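Undergrad: fold the following, please.
(4 chains)
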Number of protein chains: 4
Amino acid sequence: MTDKIIKIAIVGITGYGGLELLRLLYNHPNAKVVSIHNTQTENTDISEQFPHLKSMYNLTPTTFDPMHIMQEADLVFFATSSGVSKDLAQDFIQAKFPVIDLSGDFRLPADIYKKWYKNEPASDEAIQQAHYSLADFYDNKVTYIANPGCYATGTLLALAPLAQNHLLDKDNIIIDAKSGLSGAGKSLTLASHFVNVNENFTMYKANHHQHIPEITQQLQQWQSDIAHIQFTTSLLPINRGIFVSAYVKINDDSQAEKIQELYTATYANKQFVRVMPKNQLPSIKQVIGTNFTDIGLTYNPDTKYLTIVSVLDNMIKGAAGQAIQNMNHMFDLEESTGLHLIAQYA
Amino acid sequence: MTDKIIKIAIVGITGYGGLELLRLLYNHPNAKVVSIHNTQTENTDISEQFPHLKSMYNLTPTTFDPMHIMQEADLVFFATSSGVSKDLAQDFIQAKFPVIDLSGDFRLPADIYKKWYKNEPASDEAIQQAHYSLADFYDNKVTYIANPGCYATGTLLALAPLAQNHLLDKDNIIIDAKSGLSGAGKSLTLASHFVNVNENFTMYKANHHQHIPEITQQLQQWQSDIAHIQFTTSLLPINRGIFVSAYVKINDDSQAEKIQELYTATYANKQFVRVMPKNQLPSIKQVIGTNFTDIGLTYNPDTKYLTIVSVLDNMIKGAAGQAIQNMNHMFDLEESTGLHLIAQYA
Amino acid sequence: MTDKIIKIAIVGITGYGGLELLRLLYNHPNAKVVSIHNTQTENTDISEQFPHLKSMYNLTPTTFDPMHIMQEADLVFFATSSGVSKDLAQDFIQAKFPVIDLSGDFRLPADIYKKWYKNEPASDEAIQQAHYSLADFYDNKVTYIANPGCYATGTLLALAPLAQNHLLDKDNIIIDAKSGLSGAGKSLTLASHFVNVNENFTMYKANHHQHIPEITQQLQQWQSDIAHIQFTTSLLPINRGIFVSAYVKINDDSQAEKIQELYTATYANKQFVRVMPKNQLPSIKQVIGTNFTDIGLTYNPDTKYLTIVSVLDNMIKGAAGQAIQNMNHMFDLEESTGLHLIAQYA
Amino acid sequence: MTDKIIKIAIVGITGYGGLELLRLLYNHPNAKVVSIHNTQTENTDISEQFPHLKSMYNLTPTTFDPMHIMQEADLVFFATSSGVSKDLAQDFIQAKFPVIDLSGDFRLPADIYKKWYKNEPASDEAIQQAHYSLADFYDNKVTYIANPGCYATGTLLALAPLAQNHLLDKDNIIIDAKSGLSGAGKSLTLASHFVNVNENFTMYKANHHQHIPEITQQLQQWQSDIAHIQFTTSLLPINRGIFVSAYVKINDDSQAEKIQELYTATYANKQFVRVMPKNQLPSIKQVIGTNFTDIGLTYNPDTKYLTIVSVLDNMIKGAAGQAIQNMNHMFDLEESTGLHLIAQYA
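TA: Sure, this is the predicted structure:
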């Protein structure tokens, strides 16, 4: 274990992502949160608003001042809503100061961002400084990391072994993805009111979820003929967790029986991806509270469809945990540092 | 309103299906439950075991005696587990006495039943007396009705307008179906323990659910080239409700824009199927406690996939409610008699 | 069954109470909703905003005009938030037109209302026209009925047999009451966000809930020495249901063994209150969806405390159902008309 | 940080308590699980049965052999059901080998155990070797620690400052305690079936819960006149968490306004008990996943009742976490070692 300490500033502290970073970094042996920043400044200790933090953190949000942050810290996490970091990150980009951005602002080319986020994008120049980093596949030392979205992480890890081997039938990639409510954030809407969510199940943004373009963009890097995916998202009446059901055909059906081996081989050295035994499918609970993505496969010879299930914790692997995994890469720490987490069984 | 009273015997009273029949029949103006029967006889009033029935029913299970039932009653409901009615129903079949069977014992040819239920089937002769009756499409006066399964009902109603017009691309019919726990019955297993279900989501019986053959059998009657469907089932952490997500391609893509009209037209005179406005998808809550199936559609021109969502209450439309709808047909009552149910909004 | 039809106007249609009235009145044989009214007028059919009502109701909210309502209807329900009916009901009070008010505006004397609701009260003169009507004990023909609050109903029915016989030790009446989220209404607050409610339990308004004064006021009518109750309320992570745990000492301990009989006798002719066998306590589920209050008792000879549990559905017995029970009384209908409801077991 | 490593054997590995010990000990810097033992031996790696442990533990249960355990390990945890350790622990007691017992077998004198557990007790001689150790108040070096029950921990910490100062009115100590389902263990009963728990709330074992005698026994050590408590327990439809609502009168009412200070002072140096600001009450969520007990108070001058709320995670503070806290004491480690846990906010 190295005794290096990374000094960290977090921008966007009152959302789920910022709070989860605080929680996970508490036990990271090589990280220390030195400042937290919020758009609406409150001059009170964070534990007053969030009693779960009492006696663990004594931190009060301070004014966001990039110059000051760059003097005091070694790394900035942006855990802000979309549309914030594209403006606030400018100074860091120019100074080539290390940033890990949990938002979607730097994941896509400007025109595609504009189309899917219905929002003004950052400049193409700024976006080109950023690197989309699916942490299990990229070990980046770049200074601006665009941390992948939660649905994108689950979908890409489910499809990576096939796409990397050009085995996907590009016309039949069907993803039925489900997420717990924390994925939708803290905003107060009818859609997040307890009575509307509990004992219910709702599909939303069918064919329009903003994670679609980052998935296709990454898939194309692996298998260039992929243009579109059939992708729907639904809300599960649970707090945390993503369950991706992927139904795909493979280009070379003779390979069907070897797919399990392909997955096992692809992830043999990826410590945060666990492949289930053949025909066993993971459930959400086995990864909640952890940085794992668990994947299972089953093939149907009658329909020629392969069912792939991947599960992850949207707040950890889908946000703060993967961001720390990327931080570990960036600072040459063992990638699991601070992420030795086991799911609660009960 | 007719003043006819149908005298009813229910076999299998302590399962969810039997209890739901009791509940719904209480307010049916033309039905009266005259006897209840159980495999393990308990000689106590049913409200002792089930306090929610107190002051509503004074009924004690009596010995199952087909001759006696045929003397006292006009109709028998079997709400038994699979493998029970195939034996117990024999006398009624021979006597051509009216039966509505909520179990799977008479839905399939003997060889197919044996393959999917891993159980000895009824005789082919007996099975031929039964009629599989999706109540919104068949108005049966036959004496033995095999009431459809819950997943089958949701899937068939989602696909009927396309299959009936031979519009389904037979090679790409993908169904991702989800159900609340009551669909799995009262048996005590790890899979139904609260701690395993709550805050979890689990796929089970992928490609092996016993409702698959009754779906394909019915689809084939509408569109003869359909041989297989890609069908998975998952457990939602809720008590009631089925959500069917169907992803299909249509044979004649030029028809894509007319599909909404096709659904509206197909169900215009079906009072228990409600088609949502274009691109609006139903959520489970809007049908819980009712006999409705609500259906919504959205088409993706990039992938050529049509997403169809259907929702229903698995205990009502997927079991006891559809059985009563079938009873109303059988006895020439208006089909909605006793089924004027509105979902709880909160 | 009479063939009289009561024409009904509902004011406050988009809250949970108004929607529940619509749902229950649909199956009431002697009632017909002729108009609905809302503070913010929307000129669209109610089923567009609330798809669960599709094909059941064709109603569009119209402007609130008391004169017009009195011409068209026989009865007005106010299902408005507190602070609304005290102004809007004035014309009906002056005309002595029948009103059933589900809100708290006319339950308390003006000064007490002001203290507990922190809001301007109606005039004492208007308040004196209203009658607080716990439907199981009052069979009112008065024209303005103040329908009791949900917690108050559960607590009063739990204590009535003791208070009516002056058996309560006035210094030790402890109520720990819990409610599902629908009791807190539709407003969007952090406290109703799914992630905050799910997997959580929170006590709120300890000693300050606005139902406290209506409970003590009613108890005093039965047992005049009761001045205060120890009363706390908590939120259960469920949609519906109230569970009242009352811990009381009785004045005459020699009576302890006769309390069960006292409850049985008190409620022998109350069809909507069911007393459990001795030492059996009801659970919430057995009354959800019904107008029942179920009550159970157990006495602890070591501590001299009697534990009384009462359960009810806060939207039905605690709001719309009791209002209809009061309507039935007001219009000389059998009190259970339209309220023959059995709980869902699964 | 010391570099000592405590070698640990766990008996009873497949219950919730054993699995939680495995989870928490994984990140304990001074502990290593060297063997696991089960009553029904399965010769397969534990991660096959429990996929959440995959890649974290490679352990296979081995035969329970006390002599072998004493050679290989430094400490045994019993995470067995009641009635097991009273027999299996004999050899360790005779050898004065360190044991921490999460079960109830050694918490009570033999006659009281027999009365409340309806089970044969251990011998009085053996029981006298054990020490009941509420970890926040006892820093034990004894060799056999009886780890407190989950409800007992929450209740005792809620009442300790009052009892230690003889301030409790002994005749009016009312506890309404609620627990999530994991507190009831893994056994498959109707009471733990998802459909019975979800959207429900049930009181059970009113006045008969087996934690009552360990609470009164401990309270008596602090305030000798306490003979009985009024204690009920209910099941919350959540996985984890205990919420204790205590309603008490204090002997010297003039002290009422100083109670908040008394609590703050009592727990000033207890790092795992956090007292909320005056009149603020904790909710369950703020301690789930941690070893904290959070406590809040509010006094009602009208009724003279003080409401005390305490919350804890029944699997951690109420079982495995407190056991590790006791282990840290036993082995002279800083008491929070391995227990730096922050609750998930979302």
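
Undergrad: secondary structure element for A:Thr233?
TA: strand A:230-235 (DSSP states H and E).

Undergrad: parallel or antiparallel, which strands does that strand pair with?
TA: strand A:168-179 (parallel), strand A:202-204 (antiparallel) (DSSP bridges).

Undergrad: can I get it in CSV? Just the C-alpha atoms.
TA: Extracted C-alpha coordinates of strand A:230-235, given in CSV (Å, rounded to 0.1, in the frame of the first residue of the first chain):
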residue,chain,number,x,y,z
GLN,A,230,-33.3,-0.9,-29.5
PHE,A,231,-33.2,0.5,-25.9
THR,A,232,-35.9,1.0,-23.3
THR,A,233,-35.7,1.9,-19.7
SER,A,234,-38.1,1.3,-16.8
LEU,A,235,-38.4,2.2,-13.2
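
Undergrad: what about the strands paired with strand A:230-235, which gets the closest to C:Asp65?
TA: Among the strands paired with strand A:230-235, the nearest to C:Asp65 by Cβ to Cβ is strand A:202-204 (37.3 Å). In this view, the C-beta of every residue, glycine as well, is placed from N, C-alpha and C.

Undergrad: got the buried residues for that closest one?
TA: Neighbour counts over strand A:202-204 (16 or more other Cβ atoms under 10 Å in any protein chain shown) mark A:202-203 as buried.

Undergrad: quick one: average pLDDT of that strand?
TA: For strand A:202-204, mean pLDDT rounds to 97.

Undergrad: before we move on, what about stretch A:119-138?
TA: Mean per-residue pLDDT for stretch A:119-138: 96.

Undergrad: what's the answer for stretch A:27-37, then?
TA: Here the average pLDDT along stretch A:27-37 is 97.

Undergrad: ditto for stretch A:312-325
TA: Per-residue pLDDT over stretch A:312-325 has a mean of 98.

Undergrad: could you do stretch A:46-59 as well?
TA: pLDDT averaged over stretch A:46-59 gives 95.

Undergrad: list phi and psi for A:Thr307.
TA: When read as degrees, to the nearest 10, the backbone of A:Thr307 gives phi -100, psi 120.

Undergrad: name the nearest residue to it, ignoring sequence neighbours.
TA: Nearest residue to A:Thr307 in three dimensions, chain neighbours excluded: A:Thr298, at 5.1 Å (Cβ to Cβ, 6 or more residues apart in numbering or on different chains).

Undergrad: pretty sure that neighbour is in a helix, no?
TA: No - counting by DSSP: H, G, I helix; E, B strand; the rest coil, A:Thr298 falls outside a helix, being strand.

Undergrad: how near is it to D:Ala163?
TA: Here the criterion is Cβ to Cβ, to the nearest Å. By it, A:Thr298 lies 58 Å from D:Ala163.

Undergrad: same deal with A:Asp45?
TA: 32 Å.

Undergrad: quick one: which of these two has more around it?
TA: Using other Cβ atoms under 10 Å in any protein chain shown, the more surrounded residue of A:Asp45 and D:Ala163 is D:Ala163, with 22 against 15.

Undergrad: so what's A:Ala319 up against?
TA: When contacts are counted by Cβ atoms under 8 Å, 6 or more residues apart in numbering or on different chains, A:Ala319 touches A:16-17, A:20, A:79, A:102, A:147, A:150.

Undergrad: which pair in those residues spans the largest distance?
TA: A:Tyr16 and A:Asn147 (14.0 Å).

Undergrad: looking at the two, which one has more neighbours?
TA: Between A:Tyr16 and A:Asn147, counted using other Cβ under 10 Å, A:Asn147 has the larger neighbour count: 32 against 24.

Undergrad: wait, the more buried one touches A:Ile324, no?
TA: No - here A:Asn147 does not reach A:Ile324: they are 9.8 Å apart, not a contact under Cβ atoms under 8 Å.

Undergrad: re earlier: residues making contact with the strand holding A:Thr233?
TA: Contacts for strand A:230-235 (Cβ under 8 Å, 6+ apart): A:151, A:155, A:172-181, A:184, A:191, A:197, A:200-207, A:209, A:211-212, A:215, B:243, B:245, B:247, B:300, B:303, B:305, B:307.

Undergrad: now do the helices in the stretch 151-300 of chain A.
TA: A:194-197, A:212-222, A:259-266 (DSSP state H, counting those that start in this stretch).

Undergrad: with mean pLDDT and mean neighbour count as new columns, can those be given to me in TSV?
TA: Formatted as TSV, the helices of the stretch 151-300 of chain A follow (pLDDT from 0 to 100; neighbours: other Cβ atoms under 10 Å in any protein chain shown):
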stretch	mean pLDDT	mean neighbour count
helix A:194-197	96	25
helix A:212-222	98	20
helix A:259-266	98	18
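
Undergrad: out of these, nearest to chain D?
TA: Smallest distance to chain D across these (Cβ to the nearest Cβ): 11.7 Å, for helix A:194-197.

Undergrad: could you say what helices and strands that closest one packs with?
TA: In terms of contacts (3 or more Cβ pairs under 8 Å, 6 or more residues apart in numbering or on different chains; DSSP states H and E), helix A:194-197 is packed against helix C:194-197.

Undergrad: the residue lying closest to A:Arg240 once chain neighbours are set aside: what's it in contact with?
TA: Nearest residue to A:Arg240, sequence neighbours excluded (Cβ to Cβ, 6+ apart): A:Gly180, at 4.6 Å. For A:Gly180, the contact set (Cβ under 8 Å, 6+ apart) comprises A:235-236, A:238-242, A:284, A:314, B:199.

Undergrad: out of these, which comes closest to chain C?
TA: Distances from chain C to these, taken by Cβ to the nearest Cβ, are shortest for A:Asn239, at 5.4 Å.

Undergrad: just the pLDDT for that closest one.
TA: As predicted, A:Asn239 sits at a pLDDT of 98.

Undergrad: distance of it relative to D:Lys115?
TA: 41 Å.

Undergrad: in terms of neighbours, single out the busier of those two.
TA: Using other Cβ under 10 Å as the criterion, A:Asn239 and D:Lys115 rank with A:Asn239 on top: 25 against 13.

Undergrad: for that one, give its distance to D:Ala346.
TA: Taking Cβ to Cβ, one finds A:Asn239 at 6 Å from D:Ala346.

Undergrad: and for A:His211?
TA: For A:His211 relative to D:Ala346 (Cβ to Cβ), the value is 19 Å.

Undergrad: since that was my last question, I'll sign off now.
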